[in-house]
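*Asks:* fold the following.
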Amino acid sequence: MKLEALGIKAVALTQENLSAEPRIWEKVRDGHYQLIYASPETLLDARGYFMTEIAGRQTQFEKNLVAIAIDESHLIWDWEHFRVQYKHVGKLRMTFHETPIACLSATLAANVAGYVHSVCGLRPRATLRYSLPLRRDNIDIVVTSVAPNDQGPLFELIPSGAKMQEVLEMPKTVVFIDDIDVGIRLCLTLRARLARKWGVAVPENFVECYYGSLDAGKKAEVLRNIISGKTKIVICTDAFGMGIDVPDIGVVIQWHLTPQCSLSSLCQRIGRAARDPSLKGIAIIYISTSFFTGLPADWRDQVARWDEDIEHMSASIPLNRFGLPVTPNTQPQTRQLLLSLYRAVGSLRELLRGARERSSRSAQGPGPKSTKLDPPLIWFILTQGCRHRVLGAFFTDPANFQGSHRSWCCDSCSARAGRDFGKDSTFGISADISILRHLAPSGATKRPDSTLTPLGDKVRAEEITPRHVMLIKRNFRLLRLGFCMSNPTPWVSPETILPDKSLDTVADRAKYIASAEDLVEELEKSGMEQKRSLLTMAAVNTMYQVLEDIVARPAPLQTILPKPSAVRLDPQTFSLPSTSPSRESENIDPRAPAIIRRMGKDPHSPPDVVIGHSSVKRKPLQELDPESVRKRVIILPSRYRE
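*Replies:* Next up, the predicted model:
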C-alpha cells in the first residue's frame with residue numbers, strides 16, 4: 001500500500017496472490033512490476049514458472065532487473081535445515097551473474113557473514129560491506145527469572161486493580177515464544193483471565209496469536225488490529241517479524257530462553273520495540289530458574305572474576321569468561337572470547353548445530369538447561385557489563401562505544417551506576433525485576449543504598465549424606481502411597497499426586513529445606529504447582545516432618561536398598577479384602593507422623609510400615625466401599641503388593 005502511494009508498481013508472489021490472479025507470472029515476465037517480493041521456495045522451484053519460463057530466457061524481466069536483494073540474510077544460516085531452499089539462493093547468482101546482489105541483515109556475525117558470502121556466490125574482490133550502527137538507544141533491556149510453569153508475570157501485564165480505560169490504553173505488547181502450542185495456551189489463559197475480570201467490556205481480539213501456519217486472512221486481520229490498537233497483546237513466533245513494521249510497540253517480551261533461540265533471533269525480537277525513533281520501549285527477557293541449576297555452586301563469584309583463569313563450565317569455554325564486560329579496555333579479551341565461541345567445536349556454525357542436535361535429543365530429558373543454550377546467549381545473561389554492548393560486540397557494531405542511551409539502558413548498567421532499581425522504569429516496568437537483584441557475588445560488598453540481595457539458599461547445619469538422600473526418597477515414596485490410598489478418588493495414582501521428578505528433586509535438595517515453605521518452593525522449582533495439585537498442605541507438612549526425622553539422626557551404616565519391603569495397611573483404618581495382609585502392628589512409635597507409622601522407633605529401621613489415617617478428609621470407615629478399596633490396592637506398583 002505504501003509503495004503504491006509512492007507510484008511504485010510492486011507485487012508479492014504469495015500463494016494467495018498467485019491463486020487469486022493467475023496472470024501475475026505473465027506480468028512479471030513482461031516487466032510490468034518495478035519491485036517483486038518472493039520467497040526462495042517460490043523462485044527456486046525447479047518446476048516452477050520462474051525457473052522454467054523466466055530465468056535465463058532473455059525476457060523483459062531480465063532486461064529490467066537491476067538488483068537482487070536478500071533481506072534478513074542471516075536466515076540463510078539460521079534456517080538452512082528449517083527451509084532448505086535458503087542454502088540454494090546461490091542459484092540466482094548462477095542465473096543472473098551480471099546482476100548485483102545485496103545481502104541485508106541487522107544481526108550478521110562475522111563468521112555468519114562469511115557463510116552467507118559463500119552461499120550467495122559473491123565475488124571476493126568485488127564485494128563491499130557496509131556496517132551501520134546497531135544499537136537502539138530508545139530500548140531498555142532487563143533480564144529476569146521465572147519458574148518453569150509460572151505464568152504470573154504475563155498476568156501482571158494487565159493490572160488487576162486498573163480501571164477499564166487504563167487497560168485499553170496499555171502499551172502494545174509482543175510476547176515471543178518458541179513453541180506454538182505454548183503460545184496458544186498462553187493466549188487462551190490471558191483471554192480467560194480478562195473475561196473473568198472485565199467480562200464483555202474487553203474486545204475479543206484484545207489478545208491474539210500470530211504464527212507462520214495461520215492463514216493469510218487471519219494474519220492480515222491480526223496485523224490490522226495491532227496497528228489500529230484494538231489488539232494490545234500479541235503472542236507470536238518469529239513469523240511476526242518477517243516484513244512487519246509496527247512503529248509503536250512499547251513492550252517486547254521473550255518468554256523463556258530455549259535451545260531454539262539464538263542471540264541473533266533474540267536481537268531481532270528486541271528490535272521489534274519502539275521502531276519509531278521518537279518513542280521509547282522496553283525488552284524483558286525471561287529465563288527459567290532451571291538455567292542456574294546447571295551452574296557450579298560458586299558461579300556468581302566466577303563470573304565476577306572474569307579476568308582470572310578458573311574452572312571450566314565446558315571443555316572449551318571457562319565459565320568466568322561469560323562474565324566479561326564489553327568496554328574499550330577489554331577489547332583484547334572480547335576478541336578472544338568471540339574466537340573461543342567460534343572455535344568451540346571448530347566454528348560457531350558447528351557449535352550451534354551441536355546445540356540444536358542436543359536440544360532435539362534431550363530438550364525434555366536430563367541435563368542442566370545452561371548446557372543447552374546458545375553460548376553467546378549465556379554471555380548476554382551473565383555479563384558484568386552493558387547488555388547492549390554484548391550485542392554490539394557479537395554483531396560487530398562499528399559504533400559500539402559511541403553515543404549514549406536515552407534512558408537507563410539495561411538492568412546491568414543501572415546496577416553498576418548505583419541507581420535505585422525501582423526508579424529506573426519504562427511503561428511502569430522497572431529494573432527492580434532484574435536477576436541482578438539476586439546475582440551479587442557471595443563475597444561482594446553491597447552498596448548502602450542498594451536493594452541487591454544475594455542469591456543463595458539457606459543451607460541446613462546438619463550434614464546430609466547420599467544415604468540420607470536415599471532414605472528420604474524411600475520414605476517419600478511410602479508417604480506418596482499413603483496419600484494415594486487416602487484420596488477419595490479411586491483412580492488416582494501415586495505418580496499423579498507427587499511425580500517422581502519432583503520427589504527426587506526435593507530429596508536431592510534436602511539441605512536447602514529448612515521449613516515446609518521451603519519444601520513447597522522446591523516443588524515449584526521442579527515444575528509442580530502445589531496449590532493446583534492433589535498434594536495438600538497437610539501432606540507437605542507431613543513430608544517435612546519425615547525429612548526432619550531422617551536428617552536429625554546419623555545415616556545408617558547398612559546399605560540402603562531402593563526397593564522397599566512389604567507395605568501393610570492398618571486394619572483399624574481400612575477394611576481390606578481377604579487376600580490382603582492382615583497382620584496387626586506392634587510397638588507403633590507414637591511420635592511418628594499420622595500418615596505413616598513405623599514398625600519400631602528407629603527411623604532407619606527396615607521399611608516395613610503401616611499406613612494409617614491422615615489429615616485428608618474422607619468418608620468414615622463404615623461408608624467405604626470395599627470394591628473401591630480393592631481398586632486402590634490394584635493400582636499399586638507390583639513391588640508394593642505383598
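*Asks:* and the closest residue to residue 108 other than its chain neighbours, how far is that from residue 387?
*Replies:* Excluding the flanking residues, the one nearest residue 108 by CB to CB, 6 or more residues apart in numbering is residue 74, at 5.4 Å. In short, each C-beta sits where N, CA and C put it, glycine included. Distance check for residue 74 against residue 387: by CB to CB, to the nearest Å, it reads 20 Å.
*Asks:* any low-confidence regions in the stretch 151-300 of the chain?
*Replies:* Residues of the stretch 151-300 of the chain meeting the criterion pLDDT under 70: 159-162, 199-201.
*Asks:* do the stretch 1-150 of the chain as well
*Replies:* Using pLDDT under 70, the flagged stretches of the stretch 1-150 of the chain are 1.
*Asks:* what segments of the stretch 201-350 of the chain are helices?
*Replies:* Assigned by DSSP state H, counting those that start in this stretch, the helices in the stretch 201-350 of the chain fall at 216-228, 263-270, 290-293, 299-304, 331-343, 348-362.
*Asks:* now do the phi/psi pair for the residue nearest to residue 108.
*Replies:* According to degrees, to the nearest 10, the main-chain angles of residue 74 amount to phi -60, psi -20.
*Asks:* go on, the one 5 residues further on?
*Replies:* The main-chain torsion angles of residue 79 are listed as degrees, to the nearest 10 and equal phi -110, psi 20.
*Asks:* and it, how many neighbours?
*Replies:* A count of nearby residues for residue 79, using other CB atoms under 10 Å, gives 16.
*Asks:* who does the spatially closest residue to residue 219 that is not a sequence neighbour bridge with?
*Replies:* Of all residues not flanking residue 219 in the chain, residue 210 sits nearest, at 6.7 Å (CB to CB, 6+ apart). Residues in a beta bridge with residue 210, per DSSP bridges, are residue 236.
*Asks:* wait, what's in contact with residue 210?
*Replies:* 219, 222-223, 234-237, 239-240 (CB atoms under 8 Å, 6 or more residues apart in numbering).
*Asks:* for these, pick the one with the most neighbours.
*Replies:* Neighbour count (other CB under 10 Å) singles out residue 235 as the most crowded of those, with 27 neighbours.
*Asks:* how far away is residue 61 from residue 463?
*Replies:* For residue 61, the distance to residue 463 - CB to CB - is 79 Å.
*Asks:* please disregard the earlier target; I meant residue 154.
*Replies:* For residue 154, the distance to residue 463 - CB to CB - is 41 Å.
*Asks:* circling back to that earlier point, would TSV of the helices of the stretch 201-350 of the chain with distance to residue 547 be doable?
*Replies:* Below are those laid out as TSV (distance: least, CB to CB, whole Å):
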stretch	distance to residue 547
helix 216-228	50
helix 263-270	40
helix 290-293	20
helix 299-304	27
helix 331-343	43
helix 348-362	30
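*Asks:* for residue 94, which of those helices is the nearest?
*Replies:* Residue 94 lies closest, by CB to CB, to one member of the helices of the stretch 201-350 of the chain: helix 348-362, at 23.1 Å.
*Asks:* which outside residues touch the next helix or strand after that closest one?
*Replies:* Sequence-wise, the next helix or strand downstream of helix 348-362 (DSSP states H and E) is helix 375-382. Identification of contacts with helix 375-382 by CB under 8 Å, 6+ apart yields 143, 257, 261-263, 266, 285, 287, 291, 303, 317, 321-324, 337, 341, 344, 351, 355, 370, 387, 390-391, 394, 435.
*Asks:* and if you look at stretch 2-13?
*Replies:* Contact with stretch 2-13 is made by 17, 24, 27-28, 32-39, 42-43, as judged by CB under 8 Å, 6+ apart.
*Asks:* at 6 Å what do you get?
*Replies:* 33-38, 42 (CB atoms under 6 Å, 6 or more residues apart in numbering).
*Asks:* that one: end-to-end distance?
*Replies:* 17 Å (CA to CA, to the nearest Å).
*Asks:* tell me the contacts of the residue nearest to residue 330 when sequence neighbours are not counted?
*Replies:* Spatial nearest neighbour of residue 330, chain neighbours left out: residue 324 (6.3 Å); criterion: CB to CB, 6+ apart. Residues near residue 324 by CB under 6 Å, 6+ apart: 306, 333, 337.
*Asks:* would you format those as JSON lines with pLDDT, distance to residue 374 and neighbour count included?
*Replies:* Listed next are those as JSON lines, based on pLDDT from 0 to 100; distance: CB to CB, whole Å; neighbours: other CB atoms under 10 Å:
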{"residue": "306", "pLDDT": "73", "distance to residue 374": "19", "neighbour count": "22"}
{"residue": "333", "pLDDT": "86", "distance to residue 374": "20", "neighbour count": "16"}
{"residue": "337", "pLDDT": "85", "distance to residue 374": "14", "neighbour count": "23"}
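*Asks:* residue 386 versus residue 404, what's the distance?
*Replies:* For residue 404 relative to residue 386 (CB to CB), the value is 11 Å.
*Asks:* go on, residue 168?
*Replies:* 35 Å.
*Asks:* now the terminal residues of stretch 39-52, how far apart.
*Replies:* Start-to-end, stretch 39-52 (CA to CA) is 17 Å.
*Asks:* ok, the closest residue to residue 131 other than its chain neighbours to residue 337 distance?
*Replies:* In space, and not counting its chain neighbours, residue 131 is closest to residue 398: 4.9 Å by CB to CB, 6+ apart. Separation of residue 398 from residue 337 (CB to CB) stands at 19 Å.
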